[in-house]
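>>> Generate a structure from the sequence data that follows.
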Amino acid sequence: MKLATTTGDFFHFGLNVEESIDAVTEAGFKYIDYSFTYDFRTKTGLLGENPKAFAEKLLKMADASGFKFVQSHSPLGRPLAEGSEDFIEATKQSIETASWLGIPNIVVHSGYLKGLSKKETFKRNKKFYEELLKTAEKCNINILTENFDKMTDNGCYWVDCAEDLKELVEYINHPLLKACWDIGHGNMQELPQHKALALLGSHVAALHIQGNFGLSDDHVMPFTGTVNMDSVMNGLLDIGFNGYFTFEADGMLNTWRRRKYEKDTRLAIYPVEFAKRFENIKYDMGKYVLEQYNCFEE
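As a prediction, this is how the structure comes out:
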């Protein structure tokens, strides 16, 4: 397997897409998961006024620096909510522009609404994904639906476990719709990772590698939480997974859950240099995991 990480690792520190790419490649990563978070938030880049020119710029960067775009994550939003038309159009544009970078797989979260039953949630998500799959067919790119972190709101249903993720993929039943397994989200469930992966089998086309303590969606690095990486690795090898070992562990120095103290904010955000050091450790940890199972590829 080859190590990859997301450009989203540095968005919390104010870095733009190009700066984030530089930061992750300097840490050793050659394979990039393109996050549309920054583009969507700022209406720039691949979701800006001249996406074609920006895509060409990114491809020139890749050629010059020797990295490759291998995965992507569409913008986050509420596709089943009223007034979501602009968000859905942005999602379609992210699918198209990701394909310009040669990306084979883009993760698009399923939708949910408070008060919807599982049956109705599946029905409305099928309509949502089928609309996106029209774009995917034109662009020859897979859409991946992901397991959410564990739902704790009794009045809401979303796809948060391997059983339901498999059921949704098979319910929609399209050759370009596959699954992304987020091991951190999976760690919040009772089913062990190797059993979850065995259940999903060939539906798994991509991974999000991150950790937590099983209580909240922390997105920290493996070994800093309770994810059993031996269970993960055995599960991946058992199903013959040959995709990228893609980190989504951008929570080590994030501040979104920190308690507020308005009087003084000198330590509200850590220096980006600290994050860059963590990025180097992240690469080394990922390489160590794969080397222990004799499956690390440059």
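>>> most remote residue from the chain's center?
In the chain, counting by CA atoms, centre = their mean, Lys263 sits farthest out from the average C-alpha position, at 35.3 Å.
>>> remind me which residues of the chain are low pLDDT?
256 (pLDDT under 70).
>>> cutoff 80 now
Applying pLDDT under 80 to the chain flags the ranges 152-154, 254-257.
>>> State the distance from Glu298 to Lys166.
32 Å (CB to CB, to the nearest Å). C-beta here means a position set from N, CA and C on the backbone, and glycine is covered the same way.
>>> For these two, work out which one has more neighbours and name it.
Lys166 (19 against 6; other CB atoms under 10 Å).
>>> helix, strand or coil for the more buried one?
helix (DSSP: H, G, I helix; E, B strand; the rest coil).
>>> List the contacts of it.
By CB atoms under 8 Å, 6 or more residues apart in numbering, Lys166 lies in contact with Ala179, Leu199, Leu200, His203.
>>> ok, now Leu59?
Contact analysis of Leu59 by CB under 8 Å, 6+ apart lists Leu101, Gly102.
>>> Thr5 sits in which helix or strand?
Secondary structure assignment for Thr5, by DSSP states H and E: strand 2-6.
>>> CA atoms only for that strand - export them in CSV, please.
Provided in CSV are the C-alpha atoms of strand 2-6 (Å, rounded to 0.1, in the frame of the first residue of the first chain):
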residue,chain,number,x,y,z
LYS,A,2,1.1,3.6,-0.6
LEU,A,3,0.8,6.3,2.0
ALA,A,4,-1.4,9.3,1.3
THR,A,5,-2.8,12.2,3.3
THR,A,6,-5.3,15.1,2.8
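>>> pretty sure Ser65 contacts Val24?
No: assessed by CB atoms under 8 Å, Ser65 is found out of contact with Val24, at 10.6 Å.
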